[in-house]
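Chemist: here you go, sequence then predicted model.
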Amino acid sequence: MRKFLLIVPFAVLLAGCEDLSQQQLVGTTGGAAIGAVITPNNPLQGALIGGAIGLTAGTYLGRDSSGRCVYQRPDGSRYLAHCP
C-alpha cells in the first residue's frame, strides 16, 4: 500500500506535463525519489533503477498509439497534438 501511495502523486505530476522534456524530467526525478524510498538498504541503487524506469515511463506515457502526445489544458480537458 505504501508503494501505491508513492506512485499516485508521481502519475498525477506526469499527466500535467506540457512537453516531452518535462515528462522525462518528472519521470526521472520521481522514479529516483520513489526508488530511493522503497529500497532503504541501498537507496543509491534504488534511485538509479527508479530513475531509469521513470525516464522510460516519462518518455512513453502521454502518447497515443500513433505517437501523438496527449496534452492537458488548465481546465482539465485533454487533446492530441504532434510531439515536439
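Modeler: Cool, the structure landed.

Chemist: sec struct for residue 40, please.
Modeler: coil (DSSP: H, G, I helix; E, B strand; the rest coil).

Chemist: residue 28 versus that one, what's the distance?
Modeler: Residue 40 is 21 Å from residue 28, where distance means C-beta to C-beta, to the nearest Å. No exception for glycine: its C-beta is placed from N, CA and C like everyone else's.

Chemist: higher neighbour count, those two?
Modeler: Shown here are residue 40 and residue 28; by other C-beta atoms under 10 Å, residue 28 has more neighbours (20 against 8).

Chemist: can you pull the contacts of that one?
Modeler: Counting by C-beta atoms under 8 Å, 6 or more residues apart in numbering, residue 28 makes contact with 51, 54-55, 58.

Chemist: now do the SS call for it.
Modeler: Three-state assignment for residue 28 (three-state DSSP): helix.

Chemist: where along the chain do the helices fall?
Modeler: Ranges of helices in the chain, per DSSP state H, are 2-15, 20-38, 43-60.

Chemist: just the buried residues of stretch 46-63, please?
Modeler: Within stretch 46-63, the residues that count as buried by 16 or more other C-beta atoms under 10 Å are 46-47, 49-51, 53-55, 57-58, 62.

Chemist: first-to-last residue distance for stretch 37-49?
Modeler: End-to-end span of stretch 37-49 (C-alpha to C-alpha, to the nearest Å): 12 Å.

Chemist: what's the mean pLDDT across it?
Modeler: For stretch 37-49, mean pLDDT is 89.

Chemist: in this structure, where is pLDDT below threshold?
Modeler: 1-20, 62-65, 67, 84 (pLDDT under 70).

Chemist: follow-up on the earlier one: I'd like the contacts of residue 28 laid out as TSV, including distance to residue 69.
Modeler: Formatted as TSV, these follow (distance: C-beta to C-beta, whole Å):
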residue	distance to residue 69
51	22
54	18
55	16
58	12
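
Chemist: which single one of the residues you listed is nearest to residue 36?
Modeler: For the contacts of residue 28, the residue nearest residue 36 by C-beta to C-beta is residue 51; the value is 9.2 Å.

Chemist: residues in contact with the closest one?
Modeler: Going by C-beta under 8 Å, 6+ apart, residue 51 touches 28-29, 31-32, 35.
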